[in-house]
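**Student:** the sequence isn't on hand, but the structure is:
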DNA sequence: ACCAGCCTACTTACCAGTAGGTAGGCTGAT
DNA sequence: ATCAGCCTACCTACTGGTAAGTAGGCTGGT
């Protein structure tokens, strides 16, 4: 995968060459990082170049230097999200003891993310402003959805094949049911607390295993 | 329930008294109606007083006359949503032939709303800008959530009691699972089309009935 | 060793347009 | 005479975006 925000690979050079230079810790990366936080808190329309500039102590124009249009920043955030998912999911794959445990780890990560850090899943965050998003970002969001759905579908399929989950079910429909429930519960948790989240996931486990 | 946007009940009078007066068809109501459309398309932060004024052919200041602050409009939209749910759900209650049929009608209405009219559920719409919403609106949204969840919970409870749904399940967790799945699927349908929606709901039906 | 030329990173100073909101005045129906 | 309903005109703050310029590092030719 070609990372959009690394198309200018000089970044690597400056970082290694001027190792002693501590004052510049890669402004570009910091912009993406802060934007990712803001995205997950308020959506893509929910933060501005002014917000970023104030947070980093630079000017608005300087942010525009790194990301000329906001759509450029949006695409960089899609790359960031792709990375975030790849890292997370491969981590689950490597450590989980069963297919259900993979889903458990996914849920636990989502819960920590939502309830402790008060953030949304970055994909859901994009959905907040979907109608106002440029097409190029919509396409990327769709691809991110598919990436996530494919992973969960594979887990469901393997779980069914190994008699871990109830048989005769559509693994893709099961996967979407899981993801929707999970993300819906995350939304609700922001207003209603985590009790409903736990209940819902317990219920899903019951339905998935004992059919 | 005292309706916020009817606290000025003169509205009724102008409508009946000046029946011949066709030019003024209740501006206040029109503002709420258009705002409700915009809310369900882009969220509460996704439309402005300027949008409303342009759509109705009046000035921005004139909109402010009816709703001095945007939070006033927001609360009126909460009332509108409450009405919308009360009407819809009591309609389902009156006509449904079974508990599952109630859920079917709910899903069908949601689908029509989402796929034909390209709108979100108004509650979900508020969630898009949750962090930027004033507390007074957050409270109302929470109450709206509870109202909806209570209805679905009652349907689940009755379905379990009448052996329509699988026994030994937590009706409230079942209800939240249903609502989350439904709303999640609605979100996804905006980018991915309705196939996944149908699959997911079919899967839910299977899990609900044959456990 | 020098320096021109180019690069990144950042600045100040703008732009038009929009956000929510306000003050005060006109009009027409009761 | 009152007052809802609407207007013009205005405000401050902010939106994404641009133009022009500066400081300093890197590189290649002489």
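**Tutor:** Happy to help now that I have it. Being a predicted model, the structure only gives us computed values, none of them experimental.
**Student:** hey, let's count contacts and neighbours off CA atoms from now on
**Tutor:** Noted.
**Student:** what does stretch A:97-112 contact?
**Tutor:** With C-alpha atoms under 8 Å, 6 or more residues apart in numbering or on different chains as the test, stretch A:97-112 has contacts from A:89, A:92-93, A:96, A:121, A:152, A:155-156, A:158-159, A:164, A:182, A:186.
**Student:** relative to DNA strand D, which of the residues you listed is nearest.
**Tutor:** The shortest gap between DNA strand D and any of those belongs to residue A:121, at 20.2 Å (C-alpha to the nearest atom of the strand).
**Student:** for the helix or strand harbouring residue A:73, name the packing helices and strands.
**Tutor:** For residue A:73, the host element (DSSP states H and E) is helix A:70-95. Judged by 3 or more C-alpha pairs under 8 Å, 6 or more residues apart in numbering or on different chains; DSSP states H and E, the packing partners of helix A:70-95 are helix A:27-42, helix A:99-111, helix A:135-161.
**Student:** 6 Å instead?
**Tutor:** For helix A:70-95, the packing partners by 3 or more C-alpha pairs under 6 Å, 6 or more residues apart in numbering or on different chains; DSSP states H and E come out as none at all, with no helix or strand in contact.
**Student:** quick one: it near DNA strand D?
**Tutor:** Yes - looking at helix A:70-95 against DNA strand D by C-alpha under 7 Å from any atom of the strand, the contacts come from A:70-71.
**Student:** and that helix, how far from the chain's centre?
**Tutor:** Computed by C-alpha atoms, centre = their mean, to the nearest Å, the chain-centroid distance of helix A:70-95 equals 6 Å.
**Student:** okay if I get the contacts of stretch A:97-112 as CSV plus neighbour count, pLDDT and distance to residue A:114?
**Tutor:** What follows is those, written out as CSV (neighbours: other C-alpha atoms under 10 Å in any protein chain shown; pLDDT from 0 to 100; distance: C-alpha to C-alpha, whole Å):
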residue, neighbour count, pLDDT, distance to residue A:114
A:89, 17, 97, 17
A:92, 19, 97, 18
A:93, 16, 97, 21
A:96, 15, 97, 21
A:121, 17, 92, 8
A:152, 24, 98, 19
A:155, 22, 98, 23
A:156, 28, 97, 24
A:158, 16, 97, 28
A:159, 20, 97, 27
A:164, 17, 95, 28
A:182, 23, 91, 11
A:186, 28, 87, 6
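**Student:** which of these lies closest to chain B?
**Tutor:** For chain B, the nearest member of the contacts of stretch A:97-112 is residue A:182. The distance, counting by C-alpha to the nearest C-alpha, is 7.8 Å.
**Student:** what helix or strand is that closest one on?
**Tutor:** Residue A:182 belongs to helix A:171-192 when assigned by DSSP H and E.
**Student:** just give me how far the helix or strand where residue A:205 lies sits from the chain centre.
**Tutor:** Taking DSSP H and E as the definition, one finds residue A:205 inside helix A:195-209. In this view, helix A:195-209 has its centroid 22 Å away from the chain centroid, taken as C-alpha atoms, centre = their mean.
**Student:** how close does the residue nearest the centre of chain A get to residue B:195?
**Tutor:** A centroid search over chain A (C-alpha atoms, centre = their mean) returns residue A:122, at 3.9 Å, as the residue closest to the centre. Using C-alpha to C-alpha, to the nearest Å, residue A:122 is found at 24 Å from residue B:195.
**Student:** how about residue A:32?
**Tutor:** 34 Å.
**Student:** which one's more surrounded, the two?
**Tutor:** When neighbours are counted by other C-alpha atoms under 10 Å in any protein chain shown, residue A:32 and residue B:195 differ, and residue A:32 comes out ahead with 21 against 10.
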